[in-house]
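Asks: predicted structure and sequence below. I'll ask about it afterward.
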Amino acid sequence: MFLHKCRIILKQQYAKQYSRFFSSSFTHYIDKGIIHINITNENNSSPLLSLLGPGNRLKESIPSPLDNLNYIASEEDILNFIEEKYEHDTPVDIVFDNMIGEPTLEMEKLITIGRSIKERRHGVPLTINTNGLSGSAGAEQLFEMDPGDNTGLKNLHLSVLLPANNPPKYNKLMKNTDPSSFGQVCSFLVSAIELLGGEYVTCMAIDAPGADINGIRALTTSLGVSNLEILPYESETLYDKLNLSAEKCDEKEIKNTYHQLAKKLHPDINPDGREQFEHIKHAYKILIDKDKRKQYDEGSWEYLSSRI
């Protein structure tokens, strides 16, 4: 019993000492069993978060990127976070995200952390989300490992953002003026398939207004990519969830509207309205807080895009 209490005290002290590693941070967090890692906030095009629609601002399940935008965790911080999560949870995947920054802009850091994860956590699925703008040279740098190097980044999964099927539309969406950008992404995909195998490569498209999903699917097929993931575009804002006007509503109206909707949708009164009730409750928590509402109104993805 005494030893058990000592272990609990030591764990509490350890957690407190390293709380900055393990607390909610957009640089590394866990959501639905998946560990998400953002190793940089730098971009060479629009980050993924900026393309997913206004409904993706301040998601319920993840920390806000604006909370820790200027804090990027070190390699040691991230690896300690992963080990702590495997001690207390059962993550099913580890993902290097491109939600706020492009991971291949920190290629050395990406490879170092990836190798350490492979060494410490054999068999754990590892995914890199990227815009592919590092081209064929970037793909070779990531994946052209010594065949005898079992700690390299081979046998991982790769997801490449491809929101359009032609250079003009691609450059417009990605806010990229380099005419060779679209070709760089295509060459990255071709090289990655040669090095990894087609089954390990996925393209990500967004079902946004005006998106030519069939055209993107035809392009990916021609490049040899067999997997296409269609990400939802979330156009409904927090104001929409409460039937409010963003420009006109004040604190009093937010409260009154929320309470009226809550009476109709509360699970005790309407068991079928549980999910919708959770949505309006989340919207209310953000909009009734002046600081959070200001942060939401500024638009995290718009702010991130302006940093390109």
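Replies: Looks like it came in fine.
Asks: so Pro47 touches Ile100, yeah?
Replies: Yes. Assessed by CB atoms under 8 Å, Pro47 is found in contact with Ile100 at 5.3 Å. Backbone N, C-alpha and C define where each C-beta goes, glycine included.
Asks: so between the two, which is more surrounded?
Replies: Between Pro47 and Ile100, counting by other CB atoms under 10 Å, Pro47 is the more crowded of the two (28 against 25).
Asks: domain ranges for the chain?
Replies: Domain ranges of the chain: 20-232, 238-305, per automatic domain parsing.
Asks: so which of the ones you listed is the most surrounded?
Replies: Among the domains of the chain, domain 20-232 has the highest mean neighbour count (mean count of other CB atoms under 10 Å), at a mean of 18.
Asks: that domain: how far from the chain's middle?
Replies: 8 Å (CA atoms, centre = their mean, to the nearest Å).
Asks: just stretch 290-300 next, same as before
Replies: Distance of stretch 290-300 from its chain centroid, counting by CA atoms, centre = their mean, is 19 Å.
Asks: put the alpha carbons of it into PDB.
Replies: What follows is stretch 290-300, C-alpha atoms only, in PDB (Å, rounded to 0.1, in the frame of the first residue of the first chain):
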ATOM      1  CA  LYS A 290     -15.800  38.000 -25.100                       C
ATOM      2  CA  ASP A 291     -12.200  36.900 -25.500                       C
ATOM      3  CA  LYS A 292     -13.100  33.600 -27.200                       C
ATOM      4  CA  ARG A 293     -15.700  35.300 -29.400                       C
ATOM      5  CA  LYS A 294     -13.100  37.800 -30.500                       C
ATOM      6  CA  GLN A 295     -10.700  35.000 -31.300                       C
ATOM      7  CA  TYR A 296     -13.400  33.100 -33.200                       C
ATOM      8  CA  ASP A 297     -14.500  36.200 -35.100                       C
ATOM      9  CA  GLU A 298     -10.900  36.900 -36.200                       C
ATOM     10  CA  GLY A 299     -10.900  33.500 -37.800                       C
ATOM     11  CA  SER A 300      -8.000  31.200 -36.900                       C
END
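Asks: gap between the nearest residue to Lys109 once chain neighbours are set aside and Gly101?
Replies: The spatial neighbour of Lys109 that comes closest, neighbours along the chain excluded (CB to CB, 6 or more residues apart in numbering), is Ile39 at 5.5 Å. According to CB to CB, to the nearest Å, Ile39 stands 7 Å off from Gly101.
Asks: repeat for Gly53
Replies: 19 Å.
Asks: same check, this time on Thr127
Replies: 16 Å.
Asks: and for Asn270?
Replies: 42 Å.
Asks: what do you get for Arg121?
Replies: Relative to Gly101, and taking CB to CB, Arg121 is found at 23 Å.
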